[in-house]
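> here is my input, please return the structure:
(one chain, ligands or ions: 2)
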Amino acid sequence: MVSKNISDATNDTGKDVHTEVSNKTNGRSPNPEHTEGKDTKQKIEQTHEQVTEDIMHYPDLINPLDDTRIDIKSGFTKDSRRLKSDDHEYEYDAVVLGAGPAGEAAAMKLTKSGKRVVVVDPRDQVGGNSTHVGTIPSKALRQSVFNLINFRRDPMFTKAMEYKQVPLNEVLAKARQVIRRQVSTHTRFYERNRIEVIQGWASFIDAHTLRIEVDDNIYETITFNKAIITVGSRPYRPDILDFKHPRVFDSDKILQMDYVVKKIIIYGAGVIGCEYASIFTGLGYKVDLINNQDQLLNYLDSEISDAIAHDFRQFGVLIRSNEEIDHLETHDDYVVLHLKSGKRIKSDAILWSNGRSGNTEGLNLEAIGLKANSRGQLKVDDTYCTDVDNIYAAGDVIGWPSLASAAYDQGRCAAAFMVGDSDAEPVSSVPTGIYTIPEISCIGKTEQELTDEKVPYEVGQAFFKHLARAQIIGERSGVLKILFHRDTLEILGIHCYGNHASEIIHIGQAVMKCKSNNTLEYFVNTTFNYPTMAEAYRVAALNGLNRVF
Ligand SMILES: Cc1cc2nc3c(=O)[nH]c(=O)nc-3n(C[C@H](O)[C@H](O)[C@H](O)COP(=O)(O)OP(=O)(O)OC[C@H]3O[C@@H](n4cnc5c(N)ncnc54)[C@H](O)[C@@H]3O)c2cc1C
Ligand SMILES: NC(=O)c1ccc[n+]([C@@H]2O[C@H](COP(=O)([O-])OP(=O)(O)OC[C@H]3O[C@@H](n4cnc5c(N)ncnc54)[C@H](O)[C@@H]3O)[C@@H](O)[C@H]2O)c1
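Numbers count the residues shown, from 1 in each chain. Ligands and ions are numbered 1, 2, ... in the order given. The predicted structure is shown next:
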């Protein structure tokens, strides 16, 4: 279980801060009357033993940045009782299991709809895995490495200073600041909306009762009318690897790496594997990227997938395609990866990044008649309702698309369905934003999909190197591709490779969303600021129109 000790916290100025923990000490003292009987106690002790003995079993709940966490004072518990609950026999109208993006959005929507809501999360801070071990630390880390790369490229600095390798956890200094600010911002959202947050592990007793382990062997029981499961996911860990070994990492544990390596194996060339390939090469490590498919990120436009593979190779990444692990040999200061093809790769460490599993194991889903699939994920219908009609689910725990961006919207939409909003709609179109160096972002169909569907499309493209703004800021590579219907000029897909791609994509996304205006001509007939990266849309549109006859 997550440590409940308040460690020495520092604020952004590096000074110590000693304030109160949010969820844990929010005025709710655990009620001993709720402590379970002996049999259950024994069962729980087992669970507990498992957790403390094998903390890596719950990697999603480990905060590698624990040592410098800020604690946020919160006093919203009592206030939330002022909200009138609906007319039923339960203590809460709704309970939210998990305070990540999906849980937060659901809680906000529910409370703004006048519902009496409680959020349960074992962490002593809100934000979920997204803030503590996922999106936020990895993106802040990427930014630090990106700055380092630019710094090294600038002769003004490199002449004056000698470049020295730094361990990953030191580069994470910036991430710690961002996490603290994010936690503080989101805690205020809960406070201002008077949403009660309980720190503890939640599990179901029945479809209207939840048991919360609020402290070691101390349980609290609450009753609710509806529940939403937003417990997120954790890295998938196959039995053949020993994640306690100091040279074996996954995306949670890597944030704790406190030594410098020269060479690292990344097993799994999905989004996490590719993002970390950029981070490690930026830090000067040699990378072996093991891909069990024949192409990197094969759901992308194939030109973009080729471009990232080309750039990776330029930066010294050795991509090994169509390979599969046989076993891993671990030594004190190195590992040897044995592949089924017979190849052997020696390296200082390995990062395993081969998918994630939903955190459903400890929820006692049997008690409510639910079953997760082999990846720990729950099935929901178009209203985010599970097979049990008062239990909903959103975010990573339901699988696709497993993004913080979508999790937030799914949580909000699920809550809208829970309160019976007539205009609620499920999340359907989600852009891809991959924060490799350079970035990749896309929305809509790929060339391959349009070809398979026999849609008569054309392509308009703009290379960043020709844009004034790109030349000013020193962007050397990058392309924007617009796919459009050659007869109607409707935009069907946008694919962007290059820095700022994840921002640039939103211009096209907005146009695609406006059905009546969704045409390539929008970019020709609209005056954009100059010089900007957005000029790529005008250049690509004109390029595309020139191909139409
Ligand atoms: C390295 C990495 C980088 C990523 N980068 C991006 C990115 O750039 N952009 C993007 O959009 N997405 C990114 N993602 C994905 C993103 O982090 C997830 O999609 C997002 O966190 C899902 O949000 P969620 O609310 O479903 O769950 P989570 O953020 O996983 O939060 C779930 C919460 O539930 C709690 N919980 C677990 N068990 C229980 C229980 N029994 N009772 C109560 N609470 C429980 C957990 O403690 C946790 O706080 C990244 C993920 C990783 C791992
Ligand atoms: N920029 C971003 O948006 C961003 C960044 C990082 C991570 N993420 C999210 O994190 C998730 C994980 O990324 P990833 O790179 O580890 O893997 P991935 O989801 O890309 O999958 C990699 C491989 O692992 C397999 N796999 C996935 N889950 C498995 C499981 N439970 N058991 C066995 N095999 C499994 C998949 O089939 C695939 O072959 C992705 O869904 C992604 O959306 C997003």
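
> what about the stretch 351-500 of the chain, any weak spots by pLDDT?
Applying pLDDT under 70 to the stretch 351-500 of the chain flags no residue at all.

> which residues of it lie near ligand 2?
Taking CB under 6 Å from any ligand atom, the part of the stretch 351-500 of the chain that reaches ligand 2 is made up of 353-357, 375, 402-403, 433-435. Every residue, glycine included, has its C-beta placed from N, CA and C.

> any idea how many residues pack against the closest residue to residue 453 other than its chain neighbours?
Ranked by CB to CB, 6 or more residues apart in numbering and with sequence neighbours excluded, the top spatial neighbour of residue 453 is residue 445, at 7.8 Å. Residues near residue 445, counting by other CB atoms under 10 Å, number 19.

> what's the most distant pair in the residues of the stretch 351-500 of the chain next to ligand 2?
Greatest spacing in those, by CB to CB: 375 and 435 (23.8 Å).

> higher neighbour count, those two?
Taking other CB under 10 Å, residue 375 and residue 435 do not tie; residue 435 has more neighbours (22 against 13).

> if I look at the residue in the stretch 251-400 of the chain positioned nearest to ligand 1, how far off is residue 149?
Going by CB to the nearest ligand atom, ligand 1 is nearest to residue 395 of the stretch 251-400 of the chain, at 2.1 Å. Separation of residue 395 from residue 149 (CB to CB, to the nearest Å): 33 Å.

> picking up where we left off before, my read is that the residue nearest to residue 453 contacts residue 483, right?
Yes. Here residue 445 lies in contact with residue 483, judged by CB atoms under 8 Å, at a distance of 6.5 Å.

> which residues are in contact with each of these two?
492-493 (CB atoms under 8 Å, 6 or more residues apart in numbering).

> pLDDT of stretch 311-320, averaged?
Average pLDDT, stretch 311-320: 95.

> what comes up buried for stretch 477-488?
Applying a neighbour-count criterion of 16 or more other CB atoms under 10 Å, one finds 477-486 buried in stretch 477-488.

> picking that back up, quick one, what contacts the residue nearest to residue 453?
453, 455, 483, 492-493.

> recalculate using a threshold of 7 Å.
483, 492-493 (CB atoms under 7 Å, 6 or more residues apart in numbering).

> quick one: which of these is nearest ligand 1?
residue 493 (19.7 Å).

> just to revisit the earlier point, now the contacts of residue 445 in JSON lines, with secondary structure?
As requested, the contacts of residue 445 are arranged in JSON lines below (DSSP: H, G, I helix; E, B strand; the rest coil):
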{"residue": "483", "secondary structure": "strand"}
{"residue": "492", "secondary structure": "strand"}
{"residue": "493", "secondary structure": "strand"}
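
> name the nearest of the residues you listed relative to residue 523.
Using CB to CB, the contacts of residue 445 come closest to residue 523 at residue 483, 13.5 Å.

> which residue is the nearest non-sequential neighbour of residue 392?
Nearest non-adjacent residue to residue 392, counting by CB to CB, 6+ apart: residue 228, 4.3 Å away.

> what about that neighbour, which SS state?
strand.

> so what sits opposite it in the bridge?
With DSSP bridges as the criterion, residue 228 is bridged to residue 96, residue 392.

> what sits against it?
Residue 228 neighbours (CB under 7 Å, 6+ apart): 94, 96, 106, 392-394, 414-415, 418.

> grab the nearest non-local neighbour of the residue of the stretch 251-400 of the chain closest to ligand 1.
Residue 395 sits nearest to residue 102 (CB to CB, 6+ apart), 2.9 Å away.

> who in the stretch 101-250 of the chain is up against ligand 2?
Within the stretch 101-250 of the chain, the positions adjacent to ligand 2 are residue 236 by CB under 6 Å from any ligand atom.

> the stretch 101-250 of the chain: helices as residue ranges?
Using DSSP state H, counting those that start in this stretch, the helices of the stretch 101-250 of the chain run over 101-112, 128-132, 135-153, 155-158, 168-171, 173-192.

> quick one: which of the ones you listed is nearest residue 424?
Using CB to CB, those put helix 101-112 closest to residue 424, at 9.6 Å.

> check the offset of that closest one from the chain's centre.
18 Å (CA atoms, centre = their mean, to the nearest Å).

> got the angle for it vs helix 135-153?
Here helix 101-112 points in a direction 130 degrees away from that of helix 135-153 (axes from the mean of the first three to the mean of the last three CA atoms, to 10 degrees).

> buried ones in helix 101-112?
Applying 16+ other CB under 10 Å to helix 101-112 flags 101-111 as buried.
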